[in-house]
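predicted coordinates and the sequence they were generated for:
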Amino acid sequence: MTSEEYEHVIDELQAVIDETHATLKRFEKTGMNDEMPKDYETLLAILDNAVKQQREHTQGMLSG
């Protein structure tokens with residue numbers, strides 16, 4: 001991948017991270033994390049996966 005491609009993927013993953021984080025905050029604020037624990041766990045998994053992928057792409061960009 002080129003540096004520009006890495007940056008694009010990293011930016012897209014940041015958007016997913018930001019949107020998921022905002023959704024998690026809304027879940028917590030409204031108590032949905034208690035009412036829908038499976039969905040809350042899914043959101044946490046999405047966030048975790050996006051952060052891991054972003055880290056991998058950042059490392060790839062830096063080593064390339």
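Everything's here; your move. What you are looking at is a predicted structure, and each value in this text was computed from that prediction instead of being measured.

use CA for all of it now, contacts and neighbours both
Will do.

tell me how far V9 lies from S63.
16 Å (CA to CA, to the nearest Å).

so those two - more neighbours on which side?
A count of neighbours by other CA atoms under 10 Å puts V9 above the other of V9 and S63, at 15 against 7.

which of the helices or strands spans the more buried one?
V9 is part of helix 3-30, with elements assigned from DSSP states H and E.

packing partners of that helix?
helix 37-63 (3 or more CA pairs under 8 Å, 6 or more residues apart in numbering; DSSP states H and E).

how about the helix it packs on: buried residues?
Buried residues in helix 37-63, counted by 16 or more other CA atoms under 10 Å: 40, 43, 46-47, 50-51, 54, 57-58, 61.

nearest to T23, of those?
Of all these, L43 has the smallest distance to T23: 8.0 Å, by CA to CA.

and the closest one, how far is that from D34?
For L43, the distance to D34 equals 13 Å [CA to CA].

export the buried residues of helix 37-63 to a markdown table and tack on pLDDT?
What follows is the buried residues of helix 37-63, written out as a markdown table (pLDDT from 0 to 100):
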| residue | pLDDT |
| --- | --- |
| Y40 | 97 |
| L43 | 98 |
| I46 | 98 |
| L47 | 98 |
| A50 | 98 |
| V51 | 98 |
| Q54 | 98 |
| H57 | 96 |
| T58 | 96 |
| M61 | 92 |
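
got the residues you listed as a markdown table, with distance to V16 columns?
Putting the buried residues of helix 37-63 into a markdown table (distance: CA to CA, whole Å) gives the following:
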| residue | distance to V16 |
| --- | --- |
| Y40 | 16 |
| L43 | 11 |
| I46 | 9 |
| L47 | 8 |
| A50 | 7 |
| V51 | 9 |
| Q54 | 10 |
| H57 | 14 |
| T58 | 16 |
| M61 | 19 |
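
how about the helix holding V9: buried residues?
Residues of helix 3-30 classed as buried: 6-7, 10, 13-14, 16-17, 20-21, 24, 27 (neighbour count, 16+ other CA under 10 Å).

how about G31, phi and psi?
The phi/psi pair for G31 (degrees, to the nearest 10) reads phi 80, psi 10.

ok, now how distant is it from Y40?
From G31 to Y40 the distance is 10 Å (CA to CA).
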